[in-house]
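Asker: Could you work out the structure for the sequence below:
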Amino acid sequence: THTPNGSGAEPSPLYFVWTKSAQFKDPFDPSKGSEPKVQFSLTEIYKGQEGCDAHMAAGQANAPLFARFQAVVEKHSVATCMMADVIRSMR
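Answerer: Okay, the predicted model is just below:
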């Protein structure tokens with residue numbers, strides 16, 4: 001759902017990152033060990049609502065793939081935050 005070749009056409013993510021880590025028993029004290037679970041996080045940032053809308057439309061254009069994606073998210077997601085405004089960034 002991302003426009004290739006740096007054309008600038010939407011959807012063109014400004015930021016896209018996957019992270020993977022152990023799920024700690026106490027996130028404030030990693031020395032207490034981790035649970036036998038893995039925690040994944042996906043963060044995508046687009047340029048305004050136009051970019052977000054283009055990303056969502058592109059993702060939903062392939063109905064079977066989007067249905068599989070939704071099923072995975074519904075089964076495994078513990079938190080979801082969509083269409084949030086960026087209120088501060090570091091440069």
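Asker: Show me which residues of stretch 56-74 are buried.
Answerer: Within stretch 56-74, the residues that qualify as buried are M56, counting by 16 or more other C-beta atoms under 10 Å. The C-beta positions use only the backbone N, C-alpha and C, and glycine is treated the same way.
Asker: Can you list the helices and strands that the longest strand seen in the chain packs against?
Answerer: When the chain is parsed with DSSP state E, its longest strand is strand 34-45. With contacts taken as 3 or more C-beta pairs under 8 Å, 6 or more residues apart in numbering; DSSP states H and E, strand 34-45 sits against strand 15-24.
Asker: Let me know the average pLDDT across the strand it packs on.
Answerer: Strand 15-24 carries an average pLDDT of 91.
Asker: and if you look at stretch 69-82?
Answerer: Stretch 69-82 carries an average pLDDT of 89.
Asker: ok now it, how far from the chain's centre?
Answerer: Stretch 69-82 has its C-alpha centroid displaced from the chain centroid by 10 Å (C-alpha atoms, centre = their mean, to the nearest Å).
Asker: what's the span of that stretch, first residue to last?
Answerer: Chord length of stretch 69-82, first to last residue, is 15 Å (C-alpha to C-alpha, to the nearest Å).
Asker: who does the strand or helix carrying R68 touch, helix- and strand-wise?
Answerer: Secondary structure from DSSP states H and E places R68 in helix 63-76. Packed against helix 63-76, as judged by 3+ C-beta pairs under 8 Å, 6+ apart, are the following elements: helix 48-60.
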